[in-house]
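# Please find the sequence and the predicted model below.
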Amino acid sequence: MMNEISLTLPGYLSRPFFDLGHVCDDSPAYNAPLDMDRRNLSESDDMPMLWQTMNASFREELIHAAGYHEYALRDPRQLEEVLRTPDWRALVAYVEEFPSLDARMKAKVLRVLNRLGLFKCTIDLTSKDRSLKITDESSAGVSWLRAYARYRLHNEGGDVNYSVGEFEHIATAAPSGLWKLAAIYQKVVQSVKHEGNVYAAEAWQKVHSEEIARVSQEISRHDLLMAKSRFHRVHAFIPQMKGDGMETRREMELAERYAKEAFYGDAIQLAYAKEIAWPVRESSIKEALWSEDLELALERALNHRDQDPFDARVWVNCGEVFLEMEKPERALEAYLEAARLAPPGGALINFMVGHCHEVLGDSDLALDRYLASLRIDPLAISSARGALRVSEKLGSRLLRWTQLQVESLEAVGSASPPEASAPHRQLPPPVGEVATGTR
């Protein structure tokens, strides 16, 4: 008999995010890191550190989609006793004992909290540890997990006074090991993603390379393959920023090579290998789109879809490629499948379904999807503009409301652009720009 949570599709696909329950056979890959860290709290041997972490908004959207609002909490101790699984009770016990735990156990607890999207709880628990000195690998892990929680909330517009200097401190003060490597990697990523500073990225990549060489004999082979694959994947952004397509592809091929080497061993090692491969496949699609090799992009997108078909994001990749190929009917099919599986990305996906309907001339269905997007994310201004555009075309009685919605969001955006404040609000440009392939 199915667990009650699993009676809804979002609960079935993502049950661990509700109660740390076991993953289903159709589980999308994003469940694996949380499941690994759940086991890490209860089993004597340390599970490997997987790196994929979902946004806090994913948890919020997931709970809303499933209708289990009792799981909308900031701290695991807030969940009613009757809803707690054995693993949830164990987590609560560790949270209550957190101040007295050693740094190694603190890092294990924070890993689970961050995976669950409970970043605010991580920040609350570590707020009194601001003066904690980085003396070993475990204390470096606590510092990294605290910095990462602050970074993820900051990315989604949370009121967090985050600075990339938090990772720089770990990158320079931590002893050699995985947490130091992870901090250096974040310095490279954020130099590219948020600063667009190719010179800073190159400087930190040099440090990154040296640290990988330094720890290569001390870490597991899978950890080393992960480090090398991530090194080349992020390095691909540097020639891309310089417009060097050949070097960009070479770096992505190296990232893929190390990812493929990781496919060996037991079930845990294979789960790790899948974790390494997932972002490489996604980045390779983006690389092919950037180089305007649409047939290659489609081949990669379809392969990515087939490797993890219950993850809405892989269908979004397919939709994006089909739009670039000017095949809106095929794009619509992909986005509709993504909408069935969402979250993550429900607001974006519904916008794109609406966009495809609009391109295909069905304004009624387009309006329905733009409104669905706004129900998920009321600050999605691209969806509000789409709703206004088709309301005008239809002469809809919703015209006045959509006008007010756009005016309100544009007024807010003049001070703090809502789409810039959170990745899930960075929606595509209006119709016409997408349809003509303008970038």
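Structure's in. What do you need? As the structure is a prediction and not an experimental result, all values here were calculated from the model. Numbers count the residues shown, from 1 in each chain.
# Distance-wise, check residue 56 relative to residue 195.
23 Å (Cβ to Cβ, to the nearest Å). Every C-beta, even on glycine, is put in place using the N, C-alpha and C of the backbone.
# What of residue 27?
From residue 27 to residue 195 the distance is 35 Å (Cβ to Cβ).
# all helices for the stretch 151-300 of the chain, in order.
165-173, 178-193, 198-215, 221-235, 237-241, 245-261, 267-290, 294-307 (DSSP state H, counting those that start in this stretch).
# Can you list the low-confidence ranges for the chain?
1-2, 44-45, 129-132, 414-439 (pLDDT under 70).
# residue contacts, the residue nearest to the spatial centre of it?
Centroid-nearest residue in the chain, with Cα atoms, centre = their mean: residue 54, separated by 4.4 Å. Neighbouring residues of residue 54 by Cβ atoms under 8 Å, 6 or more residues apart in numbering: 17, 30, 115, 117, 344.
# Mind doing that once more with 7 Å?
30, 117, 344 (Cβ atoms under 7 Å, 6 or more residues apart in numbering).
# can you give me phi and psi for it?
Recorded main-chain torsions at residue 54 are phi -90, psi 160, according to degrees, to the nearest 10.
# With residue 135 instead?
Torsion angles, degrees, to the nearest 10, at residue 135: phi -110, psi -20.
# State the number of residues packed around it.
If you count neighbours by other Cβ atoms under 10 Å, residue 135 ends up with 12.
# Same check on residue 159?
Neighbours around residue 159, by other Cβ under 10 Å: 6.
# Among residue 56 and residue 195, which residue is more densely surrounded?
A direct count of neighbours by other Cβ under 10 Å for residue 56 and residue 195 places residue 56 higher, at 21 against 12.
# List every C-alpha atom in stretch 286-297, with coordinates, as CSV.
Coordinates of each C-alpha in stretch 286-297 appear next as CSV, following Å, rounded to 0.1, in the frame of the first residue of the first chain:
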residue,chain,number,x,y,z
LYS,A,286,23.9,24.7,-23.4
GLU,A,287,27.3,24.5,-25.1
ALA,A,288,25.8,23.1,-28.3
LEU,A,289,23.1,25.8,-28.3
TRP,A,290,25.7,28.5,-27.7
SER,A,291,27.7,27.2,-30.7
GLU,A,292,24.5,27.0,-32.7
ASP,A,293,24.8,23.3,-33.4
LEU,A,294,21.2,22.6,-33.0
GLU,A,295,21.2,18.9,-34.2
LEU,A,296,23.9,18.2,-31.6
ALA,A,297,22.0,20.1,-29.0
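# How far off centre is it?
22 Å (Cα atoms, centre = their mean, to the nearest Å).
# buried residues in that stretch?
286, 287, 288, 289, 290, 294, 296, 297 (16 or more other Cβ atoms under 10 Å).
# So which bits of stretch 40-52 are buried?
So for stretch 40-52, counting by 16+ other Cβ under 10 Å, buried means 40, 41, 47, 48, 49, 50, 51.
# Could you point out the member of those that lies closest to residue 205?
residue 51 (17.8 Å; Cβ to Cβ).
# who touches the closest one in this structure?
With Cβ under 7 Å, 6+ apart, residue 51 has these contacts: residue 275.
# and it, which of the three is it?
Assigned with DSSP: H, G, I helix; E, B strand; the rest coil, residue 51 falls in the coil class.
# Next one: it from residue 345, what distance?
With Cβ to Cβ as the criterion, residue 51 and residue 345 are 19 Å apart.
# just residue 337 next, same as before
12 Å.
# which one of these two has more residues nearby?
Legend: neighbour count by other Cβ under 10 Å for residue 337 and residue 345, higher for residue 345 (25 against 19).
# neighbours around the closest residue to residue 224 other than its chain neighbours, how many?
Nearest in space to residue 224, with sequence neighbours left out and distances taken as Cβ to Cβ, 6 or more residues apart in numbering, is residue 216 at 5.7 Å. Other residues near residue 216 number 13, with proximity taken as other Cβ under 10 Å.
# before we move on, what about residue 67?
Look at residue 67: counted by other Cβ under 10 Å, it has 10 neighbours.
# likewise residue 194?
Going by other Cβ under 10 Å, the residues that sit close to residue 194 add up to 12.
# And for residue 127?
When neighbours are counted by other Cβ under 10 Å, residue 127 comes out with 9.
# and what of residue 403?
15.
# That one reaches residue 388, doesn't it?
Yes: using Cβ atoms under 7 Å, residue 403 makes contact with residue 388 at a distance of 6.1 Å.
# Residues touching stretch 385-399, excluding its own?
351, 354-355, 358, 363-364, 366-367, 370-371, 374, 402-403, 406, 430.
# Mark which of those are part of helices, please.
351, 354-355, 358, 363-364, 366-367, 370-371, 374, 402-403, 406 (DSSP state H).
# which among those end up buried?
Buried among these (16+ other Cβ under 10 Å): 351, 354, 355, 358, 363, 366, 367, 370, 371, 374, 402, 406.
# so how far is residue 119 from the third one?
Spelled out, that is residue 355. Taking Cβ to Cβ, one finds residue 355 at 31 Å from residue 119.
# and what of the first one?
Between residue 351 and residue 119 the distance, using Cβ to Cβ, works out to 25 Å.
# Likewise for the fourth one?
Separation of residue 358 from residue 119 (Cβ to Cβ): 36 Å.
# With distance to residue 322 as extra columns, can I get the buried ones among the ones in helices among the contacts of stretch 385-399 in a markdown table?
Formatted as a markdown table, these follow (distance: Cβ to Cβ, whole Å):
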| residue | distance to residue 322 |
| --- | --- |
| 351 | 16 |
| 354 | 16 |
| 355 | 12 |
| 358 | 15 |
| 363 | 21 |
| 366 | 17 |
| 367 | 22 |
| 370 | 20 |
| 371 | 24 |
| 374 | 24 |
| 402 | 28 |
| 406 | 28 |
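# What is the nearest of these to residue 212?
Nearest member of these to residue 212, counting by Cβ to Cβ, is residue 351, at 39.4 Å.
# For the closest one, which residues are in contact?
By Cβ under 7 Å, 6+ apart, residue 351 lies in contact with 370, 373, 380, 382, 383, 386, 427.
# quick one: which of those is nearest residue 236?
Taking those together and measuring to residue 236 by Cβ to Cβ, the closest member is residue 427, at 24.9 Å.
# what about residue 241, neighbour count?
15.
# Sorry, wrong one. I was asking about residue 199.
Number of residues near residue 199 (other Cβ under 10 Å) recorded here: 10.
# likewise the one 3 residues further on?
Counted by other Cβ under 10 Å, the residues lying close to residue 202 total 14.
# Kind regards, and thank you for your time.
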